[in-house]
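1. okay, here's the prediction I keep looking at, along with the sequence it came from:
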Amino acid sequence: MRRMLACAALALAVGAAQARAMPPDELVKQVMLDIQRIIVEDKDLQGGDRAKTIQVIENRALPHFNHVGMTALAVGAHWRKATPEQKERLAEEFRTLLVRTYASSLSAFGEQKFEFRPLRMKPEDTDVTVQVRVLQPGSQPVIVEYDMEKTPRGWKVYDVRVAGISLVVNYRTEFGNLVRDKGIDGLIGALATKNKSLAAAEPKQ
Amino acid sequence: MSARTLAVAALSLAAAGCATTSSDPRDPLESVNRAVYAFNDAVDENALRPAARLYRNVTPSGLRDGVRNFFSNLDDLYIGANNLLQGKVEQAMSDLMRVAVNTTLGLFGVIDWASDMGLEKHNEDFGQTLARWGVGDGVYLVLPLLGPSTLRDTAALPVDWEGDPVYWHTPVDERNALTATRTIARRADLLGASRTLEEAALDRYVFLREAYLQQRRSQIYDGRPPRERPPAD
């Protein structure tokens, strides 16, 4: 019996490991199509229901992001000087800001056409860039790139580039300026204020 | 006032601001740029954005696609010329084919058959050509009404105007109507992006500057800029 349990546990563990080991390009494709399907099937989401949209992002997209790593990259050299509490608050506020920003562009996701290209990677690669092309009539396709790293919990996104604009690089200068002028706590305060004003501007549903 | 006069005005403004200090070595004229940015933002908020919203609300998306395609087709010949100047012959041929297909089968560019046929739209201008020839960005500039630029991209603008069929169109009232339509239609396409900018940025001026410089770099290298990422700790 004990042996059976052990076997079952092992099988479960292997199953979980397989899910974790899903190749990064497959993972991106699955998550994006999954979210698109959810939007297509839900009128509230197409209408821009904020609370519902944020929930979809929290449940479907965020588990695949390394948001602490993203925050560390955006804060740059100052990250090392932050206390563990400061790091935690920074990551939390940055995460909230990204979710809110992402939420306002998600309703358009339903009608977009994606082109996924298979990623050429070596088995030993631990840091890859997955590319998705968003097609739109009369314009150059927009290239969205996900920088991903292999972790024990599967592949995680640590930066997103849209049309060559890296989220992390874009925030780095802003964050750097704030830390230089007002310190790390000043940056945390600025992020918190921004998040509060975004929350206040949201229409009550 | 022509865009040319504006650019000259911007340059002299920029020169006047030379004495100001700034923290960012790429943006030594930050204080002047910020003033121009505030002006542009006011114009956008009070005139351009309302017009773009109205345009988006009263036109069906099929019509907007047609308008976008029409102006996009006008650009393709000039884009091809820039590809040729950068030695990208294959892309230039593809641009030429796009014009041939879309101008005829696509009813003067209104329908973008070429993209459906796999002839992809490119993005080129003389600023990118100069960059490929080895000209650096130069300082960051915000031009009145035209927005973010660099010294190199600003210097390249007169060449872009020469290559723009709308710029040369006569009679003048038609040219003005075309310019207005194109400006409003392009702004309408950016309504989502500008909302994201507003929501995402702690300091919109800095956010827009970083985004512009990054996007230009990506365009210059056709979406494949060499990696430059400082190691994370």
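-> The structure has been received and is ready for your questions.

2. grab the nearest non-local neighbour of residue A:68.
-> residue A:91 (4.7 Å; CB to CB, 6 or more residues apart in numbering or on different chains). No exception for glycine: its C-beta is placed from N, CA and C like everyone else's.

3. check residue B:166 too.
-> residue B:178 (4.9 Å).

4. quick one: secondary structure of the one you found?
-> Secondary structure, DSSP: H, G, I helix; E, B strand; the rest coil: residue B:178 is helix.

5. what about it, how many residues nearby?
-> 17 (other CB atoms under 10 Å in any protein chain shown).

6. pretty sure it sits against residue B:171.
-> No. Residue B:178 lies out of contact with residue B:171 (CB atoms under 8 Å); the separation is 10.9 Å.

7. just the element for residue 187, please.
-> In the absence of a named chain, chain A is used. helix A:167-201 (DSSP states H and E).

8. ah, no, chain B please
-> Judged by DSSP H and E, residue B:187 forms part of helix B:172-189.

9. how about the helix or strand following that helix: buried residues?
-> Using DSSP H and E, the helix or strand that follows helix B:172-189 towards the C-terminus is helix B:191-200. Going by neighbour count (16 or more other CB atoms under 10 Å in any protein chain shown), the buried part of helix B:191-200 is B:194, B:196, B:199-200.

10. show me which of the residues you listed neighbour chain A.
-> B:196, B:199-200 (CB under 8 Å from any CB of the partner chain).

11. do you have the strands of the chain handy? List them.
-> In the absence of a named chain, this looks at chain A. Ranges of strands within chain A are A:113-116, A:127-135, A:142-151, A:154-162, A:165-166, based on DSSP state E.

12. switch to chain B, please.
-> B:140-143, B:147-150.

13. what helices and strands are in contact with the last one?
-> So the one you mean is strand B:147-150. With contacts taken as 3 or more CB pairs under 8 Å, 6 or more residues apart in numbering or on different chains; DSSP states H and E, strand B:147-150 sits against strand B:140-143, helix B:204-220.

14. these: which one's closest to chain A?
-> Taking CB to the nearest CB, helix B:204-220 is the member of the helices and strands packed on strand B:147-150 nearest to chain A, at 2.2 Å.

15. neighbours of the closest residue to residue A:171 other than its chain neighbours, just the number please.
-> Distance criterion CB to CB, 6+ apart; nearest residue to residue A:171, sequence neighbours excluded, is residue A:74 at 4.1 Å. Burial measure for residue A:74: 24 neighbouring residues, criterion other CB under 10 Å.

16. now swap in residue A:132 and tell me
-> Using other CB under 10 Å: residue A:132 sits among 18 other residues.

17. kindly report the same for residue B:221.
-> Neighbour number of residue B:221 under other CB under 10 Å is 14.

18. any idea of the pLDDT on residue 84?
-> No chain specified, so I'll use chain A. The per-residue pLDDT reported for residue A:84 equals 94.

19. try chain B instead
-> On the pLDDT scale, residue B:84 gets 96.

20. who touches the residue lying closest to it once chain neighbours are set aside in this structure?
-> Using CB to CB, 6+ apart and skipping residues adjacent in sequence, the residue nearest residue B:84 is residue B:92, 4.2 Å away. By CB atoms under 8 Å, 6 or more residues apart in numbering or on different chains, the residues touching residue B:92 are B:80-81, B:83-84.

21. what comes up buried for the helix holding residue A:187?
-> For helix A:167-201, burial by neighbour count (16+ other CB under 10 Å) applies to A:167-179, A:184, A:187-188, A:190-191, A:194-195, A:198.

22. now swap in stretch B:140-153 and tell me
-> Taking 16+ other CB under 10 Å as the criterion, stretch B:140-153 shows B:140-146, B:148-153 as buried.

23. repeat that for stretch B:58-71.
-> Counting neighbours by 16+ other CB under 10 Å, stretch B:58-71 gives B:64-71 as buried.

24. ok, and does it reach over to chain A?
-> Yes. For stretch B:58-71 and chain A, the contact criterion (CB under 8 Å from any CB) is met by B:65, B:68-69.

25. show me what that stretch is in contact with.
-> A:137-139, B:55-56, B:102, B:106, B:108-112, B:166, B:181-182, B:185-186, B:188-189.
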